[in-house]
Each structure stands twice: as C-alpha cells, then as structure tokens.
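Chemist: no sequence for this one, just the structure:
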C-alpha cells in the first residue's frame, strides 16, 4: 500500500464544505460530551478529512489530513492564531506564557528569547537530571515492589516527571510538595476536560467546579512564586534552566523578560514538562508491557549499547529501536492529543472556504491513525518508524509536537526524557500485564490520560 499523499479531487468552486445540520450538531455535542474519542473517530469516518460543525455562537472546522494541517500550522500560520475556546479555557493557568499566547509580536518576542534555552547543548546537560531521577525511582521500585504483585505506575511517572522538570528548572528537590502539585494538576485537567466537552455555563459563573479551579490556580501560582522568589533572592547563576531563562535577552531588542513574564514562562514549562510527559511515560510502559516481542528487542538493544551504565544524551543515537518505540507510542496514544486555531481571515483549504472567525480543530489521535498513511492503524508496531518506512510517509502525518513556528519548544527535552527513562527501565525490569487485566482505556481530558492508571507487574531482570 502506497503511503504517498493521496491526490484529492478538488471540489467545484461552488462546492460547500460538508456540514452537520443544526440538529445533528446538537446531537454531536451530546456525543462529544459523553465520549470525545468515539465522537471524533466516528466524525472523520462519516464526514471525511474536512467538515464543519455549526453551533449557536460557534463555527468549528475539523481537519484531518497532512496537507491541511501543513496549511494551517506551517504555510499559512500567520492567519491562524490561538484566540479560540481551547486556549481561552487554559489561559487562566498559563497566563501570558508562550503556550497559550494568542500570537503576534508578544509571542514572537518570547519565542526568540526562549528557543535558544532548549537547544541541544543545554538539553544534553539536563539529561543528567533525567538519569539521576530515574535511578532513584528504579531503586524505590526494587525496594518497595512485592514480587508478582501489580504496581500502579502512572503515579510513579508523575513523581518522576515533576522531579525532573523542577530539578532542571531550579536544581532543587521539592520533596513533599510533589504530591500536592500532582493532585492540583490532575484536578485542573479534569475540570478543563469536562468544560471543553460541554462549555456551559461560562467560566465566569461561580459553580463549585469553577471556584475549585480558581483555588487550584492560586495554589500553583503561590508555589511557582515562592520558587522564583527564592532563586531571585540568591542572585547566583546555578547553570540550571531558571538561570538560563533569567539571563536570556531578546536578540533584536537586547531586553530580558520581566519578572512577571519569567514567572509565567516557568509555570508553562512546569505544566508542559509534567503533565503530557507523565501520561506519555505511562502509555509508553503500558504498551511495551503489552508487546513482549517489542520488549525483548528493547532489552537486547540497551544491553548491547549500555550494559549496566546510565545513558547520556550522546547514547541516544545508538538506541534507534528505543526511539522507534517512543515514536509509535506518541502516534497511537498521543498525550497531547488535540489543538485548535482561530482563522483570523477567510481562507481556502482543500478547495473549501474556511470563514473568518472559525475555530479549526486538529485531533492528533485521528490524524495519527489515518488509514491512508497507517495500515492497520490501531496496531502497535514500532517498525513503522524504521527510516526506510518513515521516508515513504508524508512528514505531517505524524506531528506529536506540532509543526511550524509554534511547534513545541520542549520537543527535544521530552524525547530525550522518554528515551532515557525507557532505556533505564529496560535495563532493570521486565514489565508484565497482570493476569486477567482489561486493556487500559483512554480518558479524554485536555490531555489523553490512561483511565484508572496503569497497573504492571515489575519483574527484576
């Protein structure tokens, strides 16, 4: 089966975009609220790679093809900003940070200033934090896991991800604060996920959930403010990410970030480095455990390349199958599974008109399982990412970190972390699915979370 981009017949100039009727749209909204994953999967089967849903006060266009995604996120990205429901919803947490910044010059300035902080030499230095913290977690596993008994590991992945990002930012161990932060982040994700699926009543209405959200945001703001204030008071360069950010200046203006902007960006990095990484690690270990043949190939690779020593960033190029397993996990279970843009002006995509003001929705789960590019798309097969196979596939059929000028700043950091953790777990453990356990379901919050956690038997090698 060819994986080249299919030639899509151009619609006649008068053709209108497939559109759900008002009644069907309201029915779809109810399905979307009950089962967001099931809804989007059925919608692309029924309506194709581009269609519109009109609701009172809103017009949504969903796209699900690499060439359409490229138009929106890369080729014509200036016309598509983040002034839409998804990012208005999360802006109370991210504030003016780079993740939810609408666009324009304020965003461009922050991107210019922050991008060098995540270049390869810095990430290579931060890899030591990743391996050290993973060693501590594996030691705890050996000391506290009962032989043959399942352990819930997604909580461990949350502890690990949060310790790595806080140590990378501040060179600090936040100790018992980890558990409270994780609980607060989880509640925020749940409240946002529920609201996104059914955005009513408005966030300004003081419902119990909305009051709880505001308290959670205050908790996290206070925690970040204390860390930033402590470091600012020291005034020393510790060589950590906070020091790099605090000393960074805009290449065009020579100006650094303001203290408020610095605090907002620290929060953006913490949330980004914790939440999606936690769920990605949980999905990664779960999928490896479900596929013993994949796990054996991983054992063979890490044994041959690393032996018993901890990996460094320089080792990752010698662990190609480990990278393929990470890529296939991000394809089949993308934790960062949806994004949205706002059409500033009218556009034409695939011959169809996208009206000014429309919200354009991109779902990475359906894109990453598009049958034109992924034969048997639900099957977990890391060999899809062997170089020769990947070369035949359109680049934008797989975009776990986005593409274009707003691609994720932390892509290299996240990939390095996922590969190091996976390699080190494989050095010391066999991962087993407990007998009789049902497959883990996807829980569609703002991120795609393993519902009920991930329970595995950890068998020392």
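Modeler: Arrived safely, thanks for sending. None of these values were measured; they are calculated from a predicted model.

Chemist: next, the residue nearest the centre of the chain: secondary structure please.
Modeler: Closest residue to the average C-alpha location of the chain: residue 336 at 2.9 Å, with C-alpha atoms, centre = their mean. Counting by DSSP: H, G, I helix; E, B strand; the rest coil, the backbone at residue 336 sits in coil.

Chemist: that one against residue 447, yeah?
Modeler: Yes: here residue 336 reaches residue 447: they are 6.3 Å apart, a contact under C-beta atoms under 8 Å. Yep, even glycine has a C-beta here, placed from its N, CA and C like the rest.

Chemist: and for those two, which residues touch both?
Modeler: residue 276 (C-beta atoms under 8 Å, 6 or more residues apart in numbering).

Chemist: so what pLDDT did the residue nearest to the centre of the chain get?
Modeler: pLDDT recorded at residue 336 is 94.

Chemist: just the element for the closest residue to it other than its chain neighbours, please.
Modeler: Leaving aside its sequence neighbours, residue 336 sits nearest to residue 276 (C-beta to C-beta, 6 or more residues apart in numbering; 4.7 Å). Assigned by DSSP states H and E, residue 276 belongs to helix 259-290.

Chemist: from the chain's centroid, how far away is that helix?
Modeler: The chain centre lies 7 Å from the centre of helix 259-290; the measure is C-alpha atoms, centre = their mean, to the nearest Å.

Chemist: how about stretch 104-112?
Modeler: Worked out by C-alpha atoms, centre = their mean, stretch 104-112 lies 21 Å from the chain centre.

Chemist: strands of the protein, residue ranges please.
Modeler: 19-20, 50-55, 58-63, 80-81, 150-152, 338-343, 347-349, 352-354, 359-363, 429-432, 442-444, 448-450, 455-460 (DSSP state E).

Chemist: check these for me and report the most buried one.
Modeler: Comparing the strands of the chain on average neighbours per residue, with mean count of other C-beta atoms under 10 Å, the densest one is strand 448-450 at a mean of 24.

Chemist: that one packs against which elements?
Modeler: helix 259-290, strand 442-444 (3 or more C-beta pairs under 8 Å, 6 or more residues apart in numbering; DSSP states H and E).

Chemist: make CSV from these and add distance to residue 425 to it.
Modeler: Putting the helices and strands packed on strand 448-450 into CSV (distance: least, C-beta to C-beta, whole Å) gives the following:
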stretch, distance to residue 425
helix 259-290, 7
strand 442-444, 22
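
Chemist: out of the ones you listed, flag the one nearest residue 47.
Modeler: Across the helices and strands packed on strand 448-450, residue 47 has its closest neighbour in strand 442-444 (19.4 Å, C-beta to C-beta).

Chemist: what pairs with that closest one, parallel or antiparallel?
Modeler: strand 448-450 (antiparallel) (DSSP bridges).

Chemist: how about residues contacting the partner strand?
Modeler: The contact list for strand 448-450 (C-beta under 8 Å, 6+ apart) reads 154, 189, 279, 282-283, 286, 333-337, 365, 440-443.

Chemist: can you check stretch 85-94 too?
Modeler: 58, 99-100, 102, 188, 192, 195-196, 199, 203, 213-214, 217, 220, 264, 267-268, 271, 338-340, 359, 446.

Chemist: could you do stretch 108-127 as well?
Modeler: Taking C-beta under 8 Å, 6+ apart as the rule, stretch 108-127 contacts 97-98, 101, 168, 239, 241, 244-245, 248-253, 256-257, 261, 265, 311-314, 405, 409-410, 412-413, 416, 420.

Chemist: give me the subset of those residues lying in helices.
Modeler: Counting by DSSP state H, the contacts of stretch 108-127 place 168, 241, 244, 245, 261, 265, 412, 413, 416, 420 in helices.

Chemist: could you list the low-pLDDT ranges of the stretch 1-150 of the chain?
Modeler: Within the stretch 1-150 of the chain, the segments meeting pLDDT under 70 span 1-15, 55-57.

Chemist: what do you get if the cut-off is 80, keeping everything else the same?
Modeler: Residues of the stretch 1-150 of the chain that meet the criterion pLDDT under 80 lie in 1-16, 21-33, 54-59.

Chemist: any idea of the angle the helix holding residue 276 forms with strand 455-460?
Modeler: Here helix 259-290 points in a direction 80 degrees away from that of strand 455-460 (axes from the mean of the first three to the mean of the last three C-alpha atoms, to 10 degrees).

Chemist: go through helix 259-290 and flag the buried ones.
Modeler: 261-290 (16 or more other C-beta atoms under 10 Å).

Chemist: what's the answer for stretch 30-47, then?
Modeler: Neighbour count says stretch 30-47 has 32, 36, 37, 39, 40, 43, 44, 47 buried, by 16+ other C-beta under 10 Å.

Chemist: now, which of those sits nearest residue 327?
Modeler: Distances from residue 327 to these, taken by C-beta to C-beta, are shortest for residue 37, at 20.9 Å.

Chemist: and that closest one, how far from residue 448?
Modeler: 8 Å (C-beta to C-beta, to the nearest Å).

Chemist: hmm, back to that, out of the helices and strands packed on strand 448-450, which comes closest to residue 453?
Modeler: That would be helix 259-290 among those, by C-beta to C-beta, at 7.5 Å.

Chemist: if we can go back for a sec, who touches both of residue 37 and residue 448?
Modeler: 365, 442.

Chemist: give me the distance from stretch 78-88 to the chain's centre.
Modeler: 17 Å.

Chemist: typed the wrong thing, it's stretch 252-259
Modeler: 28 Å.

Chemist: ends of that stretch, what's the gap?
Modeler: Using C-alpha to C-alpha, to the nearest Å, one end of stretch 252-259 lies 19 Å from the other.

Chemist: and for it, what are the contacting residues?
Modeler: Contacts of stretch 252-259 (C-beta under 8 Å, 6+ apart): 109-110, 112-113, 228, 232, 245-250, 265.

Chemist: out of the residues you listed, who has the most neighbours?
Modeler: Each of those was scored for neighbours by other C-beta atoms under 10 Å, and residue 265 scores highest at 25 neighbours.

Chemist: ok, the closest residue to it other than its chain neighbours - contacts?
Modeler: Residue nearest to residue 265 in three dimensions, not counting chain neighbours: residue 97, with 5.3 Å by C-beta to C-beta, 6+ apart. Contact analysis of residue 97 by C-beta under 8 Å, 6+ apart lists 110, 264, 265, 267, 268.

Chemist: against residue 99, how distant is the third one?
Modeler: Read it as residue 265. Counting by C-beta to C-beta, the separation of residue 265 from residue 99 is 9 Å.

Chemist: swap in residue 241?
Modeler: 16 Å.

Chemist: compare the two (neighbour count), which wins?
Modeler: Neighbours were counted for residue 241 and for residue 99 using other C-beta under 10 Å; residue 241 has more, 25 against 22.

Chemist: wait, that one touches residue 164, no?
Modeler: No: using C-beta under 8 Å, residue 241 makes no contact with residue 164, being 11.0 Å away.

Chemist: please pick the buried ones from the contacts of stretch 108-127.
Modeler: 97-98, 101, 168, 241, 244-245, 248, 257, 261, 265, 311, 313, 409-410, 412-413, 416, 420.
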